[in-house]
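>>> following is a predicted model, sequence given first.
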2 protein chains.
Amino acid sequence: MRIEVICTGDEVLTGKIVNTNFSYITQKLEDVGLSVQWETTVGDDRENLLLAFKLAGQRADAVIVNGGLGPTIDDLSQEIAAQAAGVELALNEEWLTRMEEFFRRRSRVMAPNNKKQAMLPTTAEVIDNPIGTACGFALDIGRARFFFTPGVPRELHRMIEEQIIPRLLAKSGMQTAIYLKRFHSYGLGESHVDSLLTGVDELVTDGSVKLGFRAHYPQLETKLTVRGTDMGDIRAKLVPVEREVRKRLGNFILAEDDQTLEGVILAELTNRQGSLAIVETFTGGQIAARLVPLPGAEQVFRRGIGSRDLAEIFAGVGLEGTPPPGELTRETAEAVARAARRHTGASHALAVLIDLDDGPDRIDFGGTICLAVATAEGADSRRSRILGGREWVRLGACEMGLDCLRRHLQGLPVYERIDFEKP
Amino acid sequence: MRIEVICTGDEVLTGKIVNTNFSYITQKLEDVGLSVQWETTVGDDRENLLLAFKLAGQRADAVIVNGGLGPTIDDLSQEIAAQAAGVELALNEEWLTRMEEFFRRRSRVMAPNNKKQAMLPTTAEVIDNPIGTACGFALDIGRARFFFTPGVPRELHRMIEEQIIPRLLAKSGMQTAIYLKRFHSYGLGESHVDSLLTGVDELVTDGSVKLGFRAHYPQLETKLTVRGTDMGDIRAKLVPVEREVRKRLGNFILAEDDQTLEGVILAELTNRQGSLAIVETFTGGQIAARLVPLPGAEQVFRRGIGSRDLAEIFAGVGLEGTPPPGELTRETAEAVARAARRHTGASHALAVLIDLDDGPDRIDFGGTICLAVATAEGADSRRSRILGGREWVRLGACEMGLDCLRRHLQGLPVYERIDFEKP
């Protein structure tokens, strides 16, 4: 089945906004085993829209159109859809009523130009948008089924997941039960994980499990797409594969599915009624900033202290004396973490200290990271060197600090060799 | 002149990466007064590539193709370009020599498959890539001039700015001297700034100054694109318009051109040999993290202290007693900023305290911000309420805190009513 996507709107075409709606649509389709073959972006322009619809209608079986369903005069999707399909526009009374209710519930008056959003091609099948006034719809243009979706991301997301994907799967004749299992890891590169997981998808011999990756440095997402007759079938297929992925990636798996590294840490600390202090240097508050704004962090996060100057760090955590001269050491990181714990009364303290290279930023610019986690029982620490420029070092140090804390909280070794550090 | 862009590659088509190369290209073209009418994304697939090249060659005057110039077998741009133009591929000895030098200078051996990157259509004009091995080139397909560019962003950026834009401007017959002046502001919405600046572009009567905006909450970028016969002509046109923009936007302009808010603050503090302490709550270290990693911040940034708990903040800055019960006040923020200054010995202290609404995140979830800037001379403060959800409040508070510090350092009033706060 050939699928195309058409994105509309001057804001996308001129680059005022980056087209994340398209990457969202195509990712979601990939996740259920459907592939987009072609994408077209055009502006709010009658001639180009009509041509784009006609060309896609000649080539594709299904076309998803995004944007142009709003109330303003530059929103042209319904009008051009009707023209391309050779039908008229007519007021959809049902949708008009829905819109009037939408505004009434919010104690707002519907502007007259909103009525335009209920004008649909006469042959259109309405596709529900339960959270907005833009009416989704489907109709045939040429040989393709066209699906029209709103530009507002949260409305688009819900419509794609709940309405469009089931219709596409039905059209493609594929089994409709599908499930995406995700593992998040830090420390192993994509090709390394790929080789570690060789053959896991073949534990289910009928080809219904597909392995894939999405890298967003410093984390890597490992995806298992599973197809089956129903969720029971999918569960049965997934169990042995999941078990094998967990075994092979082991301690490197930091979270699964919608979990995040910072969320896992927060949950671990909340469960044991713990509290946390964080001390950081070059990362400048970024490590703390991953945790602090989360709901529930107000119960757990005790204090964050940051400075580029180690003497200031010592003063900030109430450590007597001055930092030892020479290279940064794990012992210094441990002393700082212990002192931060004592000073703030937190049950846990994380210290991430960094010695940056001298000179201007460059591709082999690096930093030496000494980090420690302290609790009532003592301190764990590691030393590591990361290259790749200032920003790379900063991002890597944030992730490494949080991941070592996660490992400590889960009773795992704080130190395991990772792909991103230099020996 | 009709311009189209074709983006190639499975990573973009499947959404593994978001297509920021396209938004970069189209923004850069807009900045010099050229407009893209149509964008197509196809994967690493011979049939779709050929069709995309042929269709664009029928419609457009100029086409920019991005990606597919690498050494691997899925990089198909040269091959399909030759096919679409009806010419052969031939080894470009000059580019091969350049590539061999490129590897030699880096003490690396060139892999045999890199030779593929020097295979060009016989009618191609070479477009230099001074920082990579992917050879840019131009040739005619149908009625359009095609420009082939590398997928690596920094190589693409340099080629677009130095090579492609001058060729497009020459082709379009437009004056080639062009200049983009940018102003960054915080606190006024796009439509507000648009109305404040009504008519500024008409101060130059020949239409050679164009006003535009790019919003990236919480900041707004105001752009003046100026055309002229040479840079002297441009300067002469720009002077009165720049002066008028500065006058009308006044204290809201926080930086110009490549300056950043955090960079301006760092420069102000460095110039007066000042130093800075930052105290924050819900923002969790994010305000400090904007400044601390900058080169030179190690001389200026004294200490950052963060906690969600006001009692912890008091302890962290050495304030006696407990926080006053009831609503957060400007007086409390001032007391915290003064104490942070005393406690750390910094010349300046910024305190950004936030009272969050209760309950789950929602569109009208808000926060009350009390912030203060303290120096040896005393303290300035403001109180503000921002709605729009947890993340919106967090982003807005970071920007407001830094902008008030900027205003204080520049001798401007810390308080001016902004569009994003509720009365």
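Happy to help now that I have it. Predicted, not measured: the structure shown is a model, and the values here were computed from it. Residues are numbered from 1 along each chain as shown, chains lettered A, B, ... in the order given.
>>> what segments of the stretch 251-400 of chain A are helices?
Secondary structure of the stretch 251-400 of chain A (DSSP state H, counting those that start in this stretch): helices at A:261-271, A:286-291, A:297-300, A:310-316, A:330-344, A:390-409.
>>> next, see if stretch A:27-42 gets close to chain B.
Yes: residues of stretch A:27-42 are located near chain B by Cβ under 8 Å from any Cβ of the partner chain, namely A:27, A:30, A:35-42. The C-beta positions use only the backbone N, C-alpha and C, and glycine is treated the same way.
>>> can I get these in TSV with distance to residue B:173, neighbour count and pLDDT?
TSV is the format used below for these (distance: Cβ to Cβ, whole Å; neighbours: other Cβ atoms under 10 Å in any protein chain shown; pLDDT from 0 to 100):
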residue	distance to residue B:173	neighbour count	pLDDT
A:27	42	16	93
A:30	44	21	90
A:35	42	14	93
A:36	38	24	97
A:37	37	19	97
A:38	33	23	98
A:39	31	28	98
A:40	28	25	98
A:41	26	28	98
A:42	25	27	97
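>>> which pair in those spans the largest distance?
Greatest spacing in the residues of stretch A:27-42 next to chain B, by Cβ to Cβ: A:30 and A:42 (23.5 Å).
>>> returning to what we had before: I'd like to know which of the residues of stretch A:27-42 next to chain B is nearest to residue A:182.
Nearest to residue A:182 among those, counting by Cβ to Cβ, is residue A:27 at 11.8 Å.
>>> that closest one and residue B:17 touch, don't they?
No: contact criterion Cβ atoms under 8 Å: residue A:27 and residue B:17 do not qualify, at 10.4 Å.
>>> measure the residue nearest to residue A:408 when sequence neighbours are not counted to chain B for me?
Excluding the flanking residues, the one nearest residue A:408 by Cβ to Cβ, 6 or more residues apart in numbering or on different chains is residue A:373, at 4.5 Å. To chain B, residue A:373 is 18 Å away according to Cβ to the nearest Cβ, to the nearest Å.
>>> how about the residues of the stretch 101-250 of chain A by chain B?
For the stretch 101-250 of chain A, the residues in contact with chain B (Cβ under 8 Å from any Cβ) are A:214-215.
>>> all strands of the stretch 101-250 of chain A, in order?
A:119-121, A:125-127, A:136-141, A:144-149, A:177-186, A:209-216, A:219-228 (DSSP state E, counting those that start in this stretch).
>>> give the buried residues for the fifth one.
Think strand A:177-186. A:178-179, A:181-186 (16 or more other Cβ atoms under 10 Å in any protein chain shown).
>>> dump these to a markdown table, plus distance to residue B:135 and pLDDT.
Putting these into a markdown table (distance: Cβ to Cβ, whole Å; pLDDT from 0 to 100) gives the following:
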| residue | distance to residue B:135 | pLDDT |
| --- | --- | --- |
| A:178 | 43 | 81 |
| A:179 | 45 | 87 |
| A:181 | 42 | 94 |
| A:182 | 39 | 95 |
| A:183 | 40 | 97 |
| A:184 | 38 | 98 |
| A:185 | 37 | 97 |
| A:186 | 37 | 96 |
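>>> stretch A:312-325 and chain B in contact?
Yes: using Cβ under 8 Å from any Cβ, stretch A:312-325 reaches chain B at A:312, A:315-316.
>>> which residues touch the nearest residue to residue A:330 once chain neighbours are set aside?
Nearest non-adjacent residue to residue A:330, counting by Cβ to Cβ, 6+ apart: residue A:381, 4.1 Å away. Contact analysis of residue A:381 by Cβ atoms under 8 Å, 6 or more residues apart in numbering or on different chains lists A:330-331, A:333-334, A:337, A:370-373, A:414.
>>> which one of those residues sits closest to residue B:204?
residue A:371 (56.7 Å).
>>> can you tell me how far the residue lying farthest from the centre of chain A sits from chain B?
What lies farthest from the middle of chain A is residue A:321; by Cα atoms, centre = their mean that is 44.4 Å. Using Cβ to the nearest Cβ, one gets 18 Å for the distance from residue A:321 to chain B.
>>> just give the nearest non-adjacent residue to that residue, would you?
residue A:314 (7.1 Å).
>>> you'd agree that neighbour is up against residue A:343?
No: taking contacts as Cβ under 8 Å, residue A:314 lies outside contact range of residue A:343: 10.7 Å.
>>> related to what we said a few turns ago, I'd like the residues of stretch A:27-42 next to chain B written out as JSON lines, with secondary structure and distance to residue B:212 added.
Output for the residues of stretch A:27-42 next to chain B, formatted as JSON lines (DSSP: H, G, I helix; E, B strand; the rest coil; distance: Cβ to Cβ, whole Å):
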{"residue": "A:27", "secondary structure": "helix", "distance to residue B:212": "31"}
{"residue": "A:30", "secondary structure": "helix", "distance to residue B:212": "35"}
{"residue": "A:35", "secondary structure": "coil", "distance to residue B:212": "37"}
{"residue": "A:36", "secondary structure": "strand", "distance to residue B:212": "32"}
{"residue": "A:37", "secondary structure": "strand", "distance to residue B:212": "34"}
{"residue": "A:38", "secondary structure": "strand", "distance to residue B:212": "31"}
{"residue": "A:39", "secondary structure": "strand", "distance to residue B:212": "26"}
{"residue": "A:40", "secondary structure": "strand", "distance to residue B:212": "25"}
{"residue": "A:41", "secondary structure": "strand", "distance to residue B:212": "19"}
{"residue": "A:42", "secondary structure": "strand", "distance to residue B:212": "20"}
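>>> so where's chain A shaky on pLDDT?
A:175-176 (pLDDT under 70).
>>> domain-wise, how is it divided?
The record assigns chain A these domain ranges, following automatic domain parsing: A:3-172, A:177-256, A:261-409.
>>> can you give me the end-to-end span of the first one?
In this case it means domain A:3-172. 10 Å (Cα to Cα, to the nearest Å).
>>> repeat for the second one
With Cα to Cα as the measure, domain A:177-256 spans 21 Å from end to end.
>>> next, report how far it is displaced from the centre of its chain.
Distance of domain A:177-256 from its chain centroid, counting by Cα atoms, centre = their mean, to the nearest Å, is 17 Å.
>>> out of the residues of stretch A:312-325 next to chain B, the closest to residue A:116 would be?
Looking across the residues of stretch A:312-325 next to chain B and measuring by Cβ to Cβ, the closest to residue A:116 is residue A:316, at 59.3 Å.
>>> show me what contacts the closest one?
Neighbouring residues of residue A:316 by Cβ under 8 Å, 6+ apart: A:279, A:305, A:307, B:303, B:305.
>>> closest one of the buried residues of strand A:177-186 to chain B?
residue A:182 (14.2 Å; Cβ to the nearest Cβ).
>>> I'd say that closest one and residue A:220 touch.
No: checked against Cβ under 8 Å, the pair residue A:182 and residue A:220 is beyond contact range at 10.7 Å.
>>> residue A:4 sits in which helix or strand?
Here residue A:4, judged by DSSP states H and E, is contained in strand A:3-8.
>>> helices or strands next to that strand in the packing?
Helices and strands touching strand A:3-8, by 3 or more Cβ pairs under 8 Å, 6 or more residues apart in numbering or on different chains; DSSP states H and E, are helix A:20-31, strand A:36-42, helix A:46-59, strand A:62-66.
>>> how far away from the center of its chain is it?
22 Å.
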